[in-house]
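Participant: coords please:
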Amino acid sequence: MPLFSSPTLYNIRTLEDGGKNAQGLTLAAPWHPSVNQTFANLMQEQWRGPVSWRTATSFDATRVIIAGLRENPQRQGLQSRLRSANFHQTGATGKISFDPNTGDRIGQPVLIQVRSTPSGEQFVPLP
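Facilitator: Next up is the predicted model:
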């Protein structure tokens with residue numbers, strides 16, 4: 001039976017505790033190291049540890065806020081700037097832009113699945 005999850009289970013404990021029982025678990029995540037291997041390697045080297053989707057999206061959020069505040073340092077101005085159709089920023093997860101009507105981020109998640117590899121169960125992006 002296929003299992004699906006949110007990014008909540010995209011962490012090392014799922015692999016450690018679930019082991020072979022987690023094989024086939026599929027989830028939608030905002031990022032996987034294969035999306036931007038350069039960023040993943042640089043951050044892993046800098047912080048001496050694995051880089052998670054939380055690290056990548058936090059990095060992106062910081063870049064977006066800095067870019068928005070440079071153009072308009074007020075709270076409402078920041079919100080207005082981020083919702084403008086011509087706002088975009090490049091981050092660890094790729095191009096960052098927002099829907100002018102809803103304010104939601106425009107983009108597609110990465111589908112990840114737990115698969116058995118020679119080094120044990122791993123999160124692998126689906127094609």
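Participant: shaky segments in this structure?
Facilitator: 1-2 (pLDDT under 70).
Participant: please, where are all the helices along it?
Facilitator: Under the criterion DSSP state H, the chain contains helices at 12-18, 37-47, 53-71, 75-83.
Participant: TSV for these, including distance to residue 30?
Facilitator: All C-beta spots, glycine's among them, are computed from the backbone N, C-alpha and C. As requested, the helices of the chain are exported to TSV (distance: least, CB to CB, whole Å):
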stretch	distance to residue 30
helix 12-18	16
helix 37-47	13
helix 53-71	5
helix 75-83	17
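Participant: reformat those as JSON lines; add distance to residue 110 and mean neighbour count.
Facilitator: What follows is the helices of the chain, written out as JSON lines (distance: least, CB to CB, whole Å; neighbours: other CB atoms under 10 Å):
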{"stretch": "helix 12-18", "distance to residue 110": "16", "mean neighbour count": "13"}
{"stretch": "helix 37-47", "distance to residue 110": "13", "mean neighbour count": "13"}
{"stretch": "helix 53-71", "distance to residue 110": "8", "mean neighbour count": "16"}
{"stretch": "helix 75-83", "distance to residue 110": "23", "mean neighbour count": "15"}
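Participant: between the ones you listed, which one is nearest to residue 89?
Facilitator: Closest to residue 89 of the helices of the chain, according to CB to CB: helix 53-71, at 5.0 Å.
Participant: who's in contact with the closest one?
Facilitator: With CB atoms under 8 Å, 6 or more residues apart in numbering as the test, helix 53-71 has contacts from 7, 10, 29-32, 35-36, 39, 43, 77-78, 81-82, 87, 89-93, 96.
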